[in-house]
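> This is the structure alone, sequence omitted:
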């Protein structure tokens, strides 16, 4: 089966600019996650969707980050305006359902904010 | 929220030796404990997981043990090989959506 797809793979922007990331989960996976992974750290959950509804976004900096999954399939994560500390790899993952099911990760988008 | 602590942060072993990585968690309701392997520049991939109704699970050279009373679980890799070199992350679920909190990672280096 095809894996989780993400684009772009790399992005360099200046601070205060905006950026958007795209994710296409594995077909049939109801749950989609966006993680932020800062160099040398474990992935940190930003937002979790179940179909097209938000299940958890408690760690999403809502003043600058937004995410949507309008049709319950693809998802976009946006940052506006970006800060230097947003430099990280943004990982998208999906699972069949929430809870005790394996999460499959995409290749990630490496964001550098200068 | 959940707090997951992982030790050690770096681990070097000789090829053929065993490696052990330990994690502690704080949420007593946690009932699922996966381990992910992340090679340099690649995505995390699940290598083994354990549910709270068992104390140990093995898959070839990899095993995970769980002590729910002490709230810790460990990854054991036997007969290590150079291709085992990677960063390993433990995780534990918490919250109403059982979202995963990841440990800070262990950089394992297997020396030939």
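Yes, it's here. Bear in mind the structure is a predicted one, so any value in this text is a computation, not a measurement. Numbers count the residues shown, from 1 in each chain, chains lettered A, B, ... in the order given.

> How far away from the center of its chain is stretch A:102-112?
Its chain's average C-alpha position is 7 Å from that of stretch A:102-112, according to C-alpha atoms, centre = their mean, to the nearest Å.

> List the buried residues of that stretch.
Of all the residues in stretch A:102-112, those buried under the rule 16 or more other C-beta atoms under 10 Å in any protein chain shown are A:103-111. Placement of C-beta: from N, CA and C, glycine included.

> ok, now stretch B:48-61?
For stretch B:48-61, by 16+ other C-beta under 10 Å, it's B:48-50.

> same question, stretch B:79-98
Buried residues in stretch B:79-98 (16+ other C-beta under 10 Å): B:80, B:84-95, B:97-98.

> out of these, who's near chain A?
B:89, B:91, B:93, B:95, B:97-98 (C-beta under 8 Å from any C-beta of the partner chain).

> So what are the sheet partners of the lowest-mean-pLDDT helix or strand in chain A and their directions?
The helix or strand with the lowest mean pLDDT-type score in chain A, counting by mean pLDDT, DSSP states H and E, is strand A:53-56 (a mean of 93). Sheet pairing of strand A:53-56 (DSSP bridges) gives strand A:44-50 (antiparallel).

> Quick one: mean pLDDT over the partner strand.
Mean per-residue pLDDT for strand A:44-50: 95.

> what residues does it touch?
Contacts of strand A:44-50 with the rest of the structure, by C-beta atoms under 8 Å, 6 or more residues apart in numbering or on different chains, involve A:30-38, A:54-57, A:59-60, A:65, A:67, A:69, A:72, A:75, A:77, A:97-98, B:97, B:99-102.

> What residues does the one residue in chain A that gets nearest to chain B make contact with?
In chain A, the residue that lies nearest chain B is residue A:42 (3.3 Å; C-beta to the nearest C-beta). Going by C-beta under 8 Å, 6+ apart, residue A:42 touches B:6, B:89, B:91, B:102-105.

> hang on, it is in a helix, isn't it?
No. Counting by DSSP: H, G, I helix; E, B strand; the rest coil, residue A:42 is located in no helix; its state is coil.

> Can you tell me the element the residue most central in space within chain A falls in?
What sits nearest the mean C-alpha location of chain A, by C-alpha atoms, centre = their mean, is residue A:34, with 2.9 Å. Here residue A:34 sits within strand A:31-37, counting by DSSP states H and E.

> got the residues of chain A near chain B?
Proximity of chain A to chain B (C-beta under 8 Å from any C-beta) is limited to residues A:33, A:40-45, A:48, A:50, A:55-56, A:58, A:91, A:98-100, A:102-103, A:105-108.

> at 7 Å instead, please
Applying C-beta under 7 Å from any C-beta of the partner chain, we find that chain A lies next to chain B at A:41-43, A:45, A:48, A:55-56, A:91, A:98-100, A:102, A:105-108.

> Residue A:62 versus the residue of chain A closest to chain B, what's the distance?
Shown here: residue A:42 relative to residue A:62, a distance of 22 Å by C-beta to C-beta, to the nearest Å.

> Chain neighbours aside, what residue packs nearest to residue B:26?
residue B:3 (4.3 Å; C-beta to C-beta, 6 or more residues apart in numbering or on different chains).
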